[in-house]
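Engineer: the following comprises the amino acid sequence and a computationally predicted model.
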Amino acid sequence: MGDVAWDCSEFLGSEFLGSFLPTTTPKHLKTKKNLSLNISPNSYYFKAQNITRNAKAMKCFLPALVFLSVFISLGAQQGLPSTEVKPVKGDAPSEILCHIPMPPPPPVRTMAEWEEVQAIVIAWRFPYSNVLKEVVRYSQEECKVFIITKERELVDTFLHIENIPTDNVEFLDIDFNSIWIRDYGPWTVYHNDVDSLMIVDWIYDDPLRPADDRTPPQLADYLGLPVFEAIEPPYDWVHAGGNNLQDGMGSLFSSELVLETNPGKTWEEIEAIAQAFLGITPGRYFTMPVLPFDSIHHLDMHMRFMDEETILVGQYPEGAADGPQIEENVAFLQQQATAFGNPYHIVRIPMPPDVLGRYPDEGGFYRTYTNGIFVNKTYLMPVYEEQYDTTALRIYRELLPGYNIVGIDCDETVDNFGAIHCFTKLIGVPDPLRIAHARLRDTENTTSPYPVSAIIQHRSGIDNATLYFRTAPDDPYASIPMALEDEQSGLWTADIPPQPPHTEVQYYIRASALSGKEQVRPMVAPEGYFSFRVLPPSGLEEAAVPGEPLELEVFPNPAGNLATLRFISRQAQPVYIELANLRGQVVWSVREQLTVGMREVKLPVGQLPNGVYRLSVMHERGRISRAVVVGK
């Protein structure tokens, strides 16, 4: 690709252009300085209202309009063309005029990290080579690896010495200052959910790293992709990528740092920019207080989305470091609904101390396990010491069966408040076959079918979709054709037959597009799968049987701010513990590995309203249930 230019005209069909430049100003931006534009197949003009463009902006914007007008008549003659990026023979131009200082054409959707990607991007600095090389080693098996560097020959030689293949590696001579490309790098968005692939960028305002802020447009030029930049009023937005956690469904989570970095804007204005550039659904941009000991205040240092409804959240020992504020944030998350309207499934993972056993409030490094990245069928996670890593690896493997879970030692980067997620960025494929799904959860239902639904989309249309399930790990999957229930939203459905208690159901979805492209979800199926358990019916009380492999005592009960779960286990075993209100909403959950003997687990209830809650402990033989009364 280094000696090939890409033709941006493939993104500019007549329908695409029709929504490209609005003829009226959005209501939420009426009071700000704005630019309104009118464009037609025969002529175009632009009108500036209360705004003065500098020479740089005009240089980018006017040629873009000229470029657009050239293809309007072509789009009208040929209809909407394929949006696949195609190479143009010859030398790459010095500047590709696809830099546009305004929102992309609506509707727009930001890619989720677990979706299919064509490339991962890193910026190479040799002081961090031991970490970066491992990202390259495992990512090049999954997709292209773009390495931004001014030392191509040295990096290439280094990778060969480390026995890392470079056939799938491309070196980009692009200006940059730091390796932290998560914060300043490009964002993949799609027009109409899965159609035209585009890049979105905003302001990275570190005065010591001015070149970092210039990286996304250069990378977009290399890829031949249009870049829509939130850099000019009224869209000027200062934001950090590590503080921009999304679910691919129009939901966005940030810490309140986004308010501090945009002091001249109201929350409504910030939310409007996120809606315009990232496709965030109105009312689904959530902010949480910053953590006192996380000096960069980026959410990816203690939480991340694992799928549309599962959030992995770090957990400190009671009272340690940022633990109290994280628990308040978890309580906030438990009050929110997912984009599918369900309670979030929150999974906890330990926040480990540093090599001296210190947490950040004691001067220790900010070690975290949530700062990892999906790279198609591989998940790269930070690791530090085996005594802590073992638990974290187990949690990831349980969450992502079938994925290649790779641990990379990040001690040399985490002392600078960053790990794998912080120094990587993903570029989506130009023709995604999207399968968005709210995975089924454990149930006591043994009589009615289990409905499975998924949003399935491809720009060519969907030919068919199939649900596969099995009830034993060694059994073959049974197949059930899915039916298109809602053509407009792309909703497909099927039912898994009811199963008896103590059954674990494993399932996945396969879809075929009219173009012939196929995709499965999870991406690692059939080796990987979604699963849920059919539990035996029980009331609020279920007594432990003496001599059984697990006994449980809850005290004090009623509880005020904290209850203790005391386990007596006759064998080493994993357990999954969850607390739900009487409406069935899970308000707290955790996975623990019990050893033989007694073990106590703290149950934080101080943030919960008074009332009766159901505690469930799932173990290898079944489940133990208790009623927990919260009264303060």
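Structural biologist: Arrived safely, thanks for sending. These figures come from a predicted structure and were not determined experimentally.
Engineer: pLDDT weak spots in the stretch 401-550 of the chain?
Structural biologist: Applying pLDDT under 70 to the stretch 401-550 of the chain picks out residues 538-548.
Engineer: which parts of it are helices?
Structural biologist: Counting by DSSP state H, counting those that start in this stretch, the stretch 401-550 of the chain has helices at residues 411-414.
Engineer: wait, what's in contact with the closest residue to residue 506 other than its chain neighbours?
Structural biologist: Spatial nearest neighbour of residue 506, excluding adjacent residues (CB to CB, 6 or more residues apart in numbering): residue 529 at 4.2 Å. (Each C-beta comes from the backbone N, C-alpha and C, glycine too.) Residues in contact with residue 529 (CB atoms under 8 Å, 6 or more residues apart in numbering) are 401-402, 506-508, 522.
Engineer: which one of those is nearest residue 264?
Structural biologist: Set against residue 264, the nearest of the contacts of residue 529 by CB to CB is residue 522 (42.8 Å).
Engineer: ok so, going back, of the contacts of residue 529, which is the nearest to residue 121?
Structural biologist: Set against residue 121, the nearest of the contacts of residue 529 by CB to CB is residue 522 (23.7 Å).
Engineer: I figured that closest one was touching residue 507, is that so?
Structural biologist: No: in this structure, residue 522 is not within contact of residue 507 by CB atoms under 8 Å, at 10.1 Å.
Engineer: overlap in contacts of these two?
Structural biologist: Joint contacts of residue 522 and residue 507 (CB under 8 Å, 6+ apart) are 529-530.
Engineer: the more surrounded of these two?
Structural biologist: residue 507 (25 against 22; other CB atoms under 10 Å).
Engineer: hey, what's the residue nearest to that one when sequence neighbours are not counted bridged with?
Structural biologist: Ranked by CB to CB, 6+ apart and with sequence neighbours excluded, the top spatial neighbour of residue 507 is residue 469, at 3.9 Å. Beta-bridge partners of residue 469, counted by DSSP bridges, are residue 478, residue 507.
Engineer: residue 523 is in contact with residue 114, correct?
Structural biologist: Yes: look at residue 114 against residue 523 with CB under 8 Å: they come within range, at 7.1 Å.
Engineer: more crowded one of those two?
Structural biologist: residue 114 (21 against 18).
Engineer: distance of the more buried one from residue 605?
Structural biologist: 32 Å (CB to CB, to the nearest Å).
Engineer: ditto for residue 312
Structural biologist: Taking CB to CB, one finds residue 312 at 22 Å from residue 605.
Engineer: which one's more surrounded, those two?
Structural biologist: Using other CB under 10 Å as the criterion, residue 312 and residue 605 rank with residue 605 on top: 23 against 20.
Engineer: give the contact list for the more buried one.
Structural biologist: So, once contact is read as CB under 8 Å, 6+ apart, residue 605 ends up touching 559-563, 579, 588, 613, 628, 630.
Engineer: now list the buried members of these.
Structural biologist: For these, a neighbour count by 16 or more other CB atoms under 10 Å gives the buried set as 559, 563, 579, 588, 613, 628, 630.
Engineer: quick check, residue 242 in a helix?
Structural biologist: Yes: assessed by DSSP: H, G, I helix; E, B strand; the rest coil, residue 242 belongs to a helix.
Engineer: mind checking how far it is from residue 322?
Structural biologist: From residue 242 to residue 322 the distance is 15 Å (CB to CB).
Engineer: do residue 471 as well
Structural biologist: Distance from residue 471 to residue 322, by CB to CB: 42 Å.
Engineer: next one: residue 147
Structural biologist: From residue 147 to residue 322 the distance is 33 Å (CB to CB).
Engineer: quick check: domain ranges of this protein?
Structural biologist: 108-428, 434-534, 550-630 (automatic domain parsing).
Engineer: point to the helix or strand of the chain where mean pLDDT is at its lowest.
Structural biologist: strand 44-49 (a mean of 25; mean pLDDT, DSSP states H and E).
Engineer: and residue 452, what does it touch?
Structural biologist: 437, 440, 467, 482, 493-496, 507, 509.
Engineer: of the residues you listed, closest to residue 350?
Structural biologist: Scanning these for proximity to residue 350, where the rule is CB to CB, the winner is residue 440, at 27.2 Å.
Engineer: how many neighbouring residues does that closest one have?
Structural biologist: Under the criterion other CB under 10 Å, the count of neighbours that residue 440 has is 18.
Engineer: what do you get for residue 446?
Structural biologist: The local packing of residue 446 (other CB under 10 Å) involves 14 other residues.
Engineer: go on, residue 575?
Structural biologist: 22.
Engineer: would you agree it is in contact with residue 594?
Structural biologist: Yes: taking CB under 8 Å as the definition, residue 575 is a contact partner of residue 594 at 5.9 Å.
Engineer: need the overlap of contacts for those two.
Structural biologist: Common neighbours of residue 575 and residue 594 (CB under 8 Å, 6+ apart) are 550, 567.
Engineer: what segments of the stretch 251-400 of the chain are strands?
Structural biologist: Secondary structure of the stretch 251-400 of the chain (DSSP state E, counting those that start in this stretch): strands at 252-255, 285-288, 303-305, 310-315, 345-350, 373-375, 378-383.
Engineer: direction included, what does the fifth one pair up with?
Structural biologist: According to DSSP bridges, the neighbouring strands of strand 345-350, each with its direction, are strand 310-315 (parallel).
Engineer: may I have the strand it pairs with exported as CSV, CA atoms only?
Structural biologist: The C-alpha trace of strand 310-315 is given here as CSV (Å, rounded to 0.1, in the frame of the first residue of the first chain):
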residue,chain,number,x,y,z
THR,A,310,-20.9,-6.9,29.6
ILE,A,311,-18.6,-4.4,31.3
LEU,A,312,-15.4,-5.5,33.0
VAL,A,313,-14.5,-3.4,36.0
GLY,A,314,-11.4,-3.4,38.1
GLN,A,315,-11.7,-4.1,41.8
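Engineer: ends of stretch 193-210, how far apart?
Structural biologist: Using CA to CA, to the nearest Å, one end of stretch 193-210 lies 32 Å from the other.
Engineer: over to stretch 240-248?
Structural biologist: Separation of the first and last residues of stretch 240-248 by CA to CA is 18 Å.
Engineer: kindly report the same for stretch 590-599.
Structural biologist: 14 Å.
Engineer: I'd say residue 210 and residue 177 touch.
Structural biologist: Yes: in this structure residue 210 lies within contact range of residue 177 using CB under 8 Å: 7.2 Å.
Engineer: more neighbours, those two?
Structural biologist: The neighbour count for residue 210 versus residue 177, taken as other CB under 10 Å, is higher for residue 177 (18 against 12).
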